[in-house]
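J.: I'd like to go over a predicted model; first the sequence, then the structure.
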Amino acid sequence: MKITRIWADTSGESHYSDMEIPVMDSGPLGSMSEPLPVRSMILRENPSGYDYGWHTAPREQYIVMLEGKVEITVSDGEMRTFGPGEIVLVADTSGKGHASRSPDGKPRKSLFLPV
């Protein structure tokens, strides 16, 4: 299963990398990964047309997209759009950070899982 990671290098530039989390056959339950540690759960709703300029992540955390879309630009210039079911690990807690906005003007619901 793919998780997209946003991270900062030693000069503070943020980048994307893709992580492949292995899942194993768990019989009638489907396929599952090994447990990934998280500390808590935060539910978030973003209003229609949100546009957040450059910022760093307040903590390393997974963002699980539930409803709507988000367009995230990292400081190296790469931009990606994420929708329902996709997971982003934001780990750029220092440096230039990233910018996020609604690509379609609609609200978004997501689940934050601090690591």
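T.: Thanks, I have the structure now.

J.: tell me the pLDDT at the residue nearest the centre of the chain?
T.: In the chain, the C-alpha closest to the average C-alpha coordinate belongs to residue 88, at a distance of 2.3 Å (Cα atoms, centre = their mean). Residue 88 is assigned 98 on the pLDDT scale.

J.: next: residue 79.
T.: Residue-level confidence at residue 79 comes out at 98, pLDDT.

J.: leaving out the residues flanking it, which one is nearest to it?
T.: residue 73 (4.4 Å; Cβ to Cβ, 6 or more residues apart in numbering). Where you see a C-beta, it was placed from the backbone N, CA and C, and this is true even at glycine.

J.: residues contacting the one you found?
T.: Contacts were defined as Cβ atoms under 8 Å, 6 or more residues apart in numbering; by that measure residue 73 touches 79, 98-100.

J.: now the helix or strand where it lies: buried residues?
T.: Assessed by DSSP states H and E, residue 73 sits inside strand 70-74. In terms of neighbour count (16 or more other Cβ atoms under 10 Å), strand 70-74 has its buried residues at 70, 72, 74.

J.: these two touch, right, the last one and residue 14?
T.: To tie it back to what came earlier, the one meant is residue 74. Yes: with contact defined as Cβ atoms under 8 Å, residue 74 counts as touching residue 14 (4.1 Å).

J.: which residues are common contacts for these two?
T.: Counting by Cβ under 8 Å, 6+ apart, the shared contacts of residue 74 and residue 14 are 6, 92, 98.
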